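*Asks:* this one's sequence-less:
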């Protein structure tokens, strides 16, 4: 195969990757429009699009208002912030899970593997018990989630290095510690216990534009940061020794990936509670579909994670109307069987 053949093959693969990402992006936009129409009051997709476009300054004058005022209130104040928050959170959990699976070289790793969820749960429970406001709760969850990662990292660090196995074990231990503290908070919560329980189930029912504004910049920063290190993650998949031979500062990359993954996971958990399995099953499915190259795997997981969460949230709020289920229950119903499939497949491959 000569140089021209290699260039053609490379160009063909780049075009294929770009086509996949463009297709997923269009699918996400169409899905957002669709799920905004779904609810106790059905609003046609064209009307939804017109309402959203009417809020954009540059083109608002081109859209004629021909819809009831209640439609605008439902779309702008209720459904759209919820869908956008679900998009942001789903993207965050899927990308964090993808990065953790790459760093640990284990398809069963998840964004919560280093105890982030337990730390966030304790921070939220503490804020609820102390009577914190709507803004104090996500702040408490975020602070304790990041504190958990800091503690786990410093416990696992040995002579300037962080062995993956030690990091995992430290995460499990600190996670159990904070889980015990959450149980203590539940014990003394009194009449505030239902609030803690609902938060732990994970849900998007308390979504608003403030939460979108809090989570979006942090999650965007983390996702972009991890994508910039996708090539280093690819090399680390071949083994840390090989990566060192190729000039990769493995410890620095692990530190950065861990910080970014913890940042976006903490931001996601702080605004909607603990939503499990998104970061476990989406990266694995996309790895099967698009391959292990993190340059395509990370952005595709980002888009599909968003679609998965807003889809499951739509199911959660419509399956037993007028009541709605916590979306964490729906994701667990999808994720638990898939996790068992991963376990059985791993057992067939490794023998244990």
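*Replies:* Structure's in. What do you need? Keep in mind the model is a prediction, meaning the values are calculated, not measured. Numbering: from 1, shown residues only.

*Asks:* Could you pull out the buried residues of stretch 116-126?
*Replies:* 116, 117, 118, 119, 120, 121, 122, 123, 124, 125, 126 (16 or more other C-beta atoms under 10 Å). For the C-beta atoms, the positions are set from N, CA and C on the backbone; glycine is no exception.

*Asks:* Could you export those as TSV, including pLDDT, secondary structure and distance to residue 241?
*Replies:* As requested, those are exported to TSV (pLDDT from 0 to 100; DSSP: H, G, I helix; E, B strand; the rest coil; distance: C-beta to C-beta, whole Å):
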residue	pLDDT	secondary structure	distance to residue 241
116	88	helix	28
117	88	helix	32
118	90	helix	33
119	91	helix	32
120	89	helix	35
121	90	helix	37
122	92	helix	38
123	91	helix	38
124	89	helix	41
125	90	helix	43
126	92	helix	43
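
*Asks:* need the contact list for residue 153.
*Replies:* 162, 167, 255, 258 (C-beta atoms under 8 Å, 6 or more residues apart in numbering).

*Asks:* switch to 10 Å and redo it
*Replies:* By C-beta atoms under 10 Å, 6 or more residues apart in numbering, the contact set of residue 153 is 114, 162, 167, 170, 171, 254, 255, 258, 259, 262.

*Asks:* Just give the number of residues close to residue 188.
*Replies:* Other residues near residue 188 number 10, with proximity taken as other C-beta atoms under 10 Å.

*Asks:* Per-residue pLDDT of it, please?
*Replies:* Here, the pLDDT recorded for residue 188 equals 92.

*Asks:* Turn the buried residues of stretch 116-126 into a markdown table, columns for distance to residue 270.
*Replies:* What follows is the buried residues of stretch 116-126, written out as a markdown table (distance: C-beta to C-beta, whole Å):
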| residue | distance to residue 270 |
| --- | --- |
| 116 | 10 |
| 117 | 11 |
| 118 | 14 |
| 119 | 11 |
| 120 | 6 |
| 121 | 11 |
| 122 | 12 |
| 123 | 8 |
| 124 | 8 |
| 125 | 13 |
| 126 | 13 |
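
*Asks:* of those residues, closest to residue 98?
*Replies:* Nearest to residue 98 among these is residue 116, at 15.2 Å by C-beta to C-beta.

*Asks:* hmm, back to that, can you tell me which two in the contacts of residue 153 are farthest apart?
*Replies:* Greatest spacing in those, by C-beta to C-beta: 170 and 259 (15.7 Å).

*Asks:* Those two: which is more packed in?
*Replies:* Using other C-beta under 10 Å, the more surrounded residue of residue 170 and residue 259 is residue 170, with 21 against 16.

*Asks:* give me the element the more buried one is part of.
*Replies:* Here residue 170 sits within helix 164-188, counting by DSSP states H and E.

*Asks:* got the angle for whatever helix or strand comes next after that helix vs helix 164-188?
*Replies:* Where DSSP H and E defines the elements, the next helix or strand beyond helix 164-188 is helix 193-201. Helix 193-201 runs at 160 degrees relative to helix 164-188, counting by axes from the mean of the first three to the mean of the last three C-alpha atoms, to 10 degrees.

*Asks:* Which other helices and strands does helix 193-201 contact?
*Replies:* helix 116-129, helix 136-156, helix 164-188, helix 327-350 (3 or more C-beta pairs under 10 Å, 6 or more residues apart in numbering; DSSP states H and E).

*Asks:* The helix or strand just after that helix to helix 136-156, inter-axis angle?
*Replies:* Note on helix 193-201: by DSSP H and E, the next helix or strand toward the C-terminus is helix 209-228. Here helix 209-228 runs at an angle of 30 degrees relative to helix 136-156 (the same axes, to 10 degrees).

*Asks:* so what secondary structure elements neighbour helix 209-228?
*Replies:* Judged by 3+ C-beta pairs under 10 Å, 6+ apart, the packing partners of helix 209-228 are helix 80-104, helix 136-156, helix 250-272, helix 294-318.

*Asks:* Tell me which of the ones you listed is the most buried.
*Replies:* Sort the helices and strands packed on helix 209-228 by mean neighbour count, taking mean count of other C-beta atoms under 10 Å, and helix 80-104 sits at the top with a mean of 27.

*Asks:* quick one: average confidence on that one?
*Replies:* Summarised as a single mean, pLDDT over helix 80-104 is 93.

*Asks:* re earlier: out of the helices and strands packed on helix 209-228, the one nearest residue 341 is which?
*Replies:* helix 80-104 (15.5 Å).

*Asks:* about what we covered before: out of the helices and strands packed on helix 209-228, nearest to residue 24?
*Replies:* helix 294-318 (4.1 Å).
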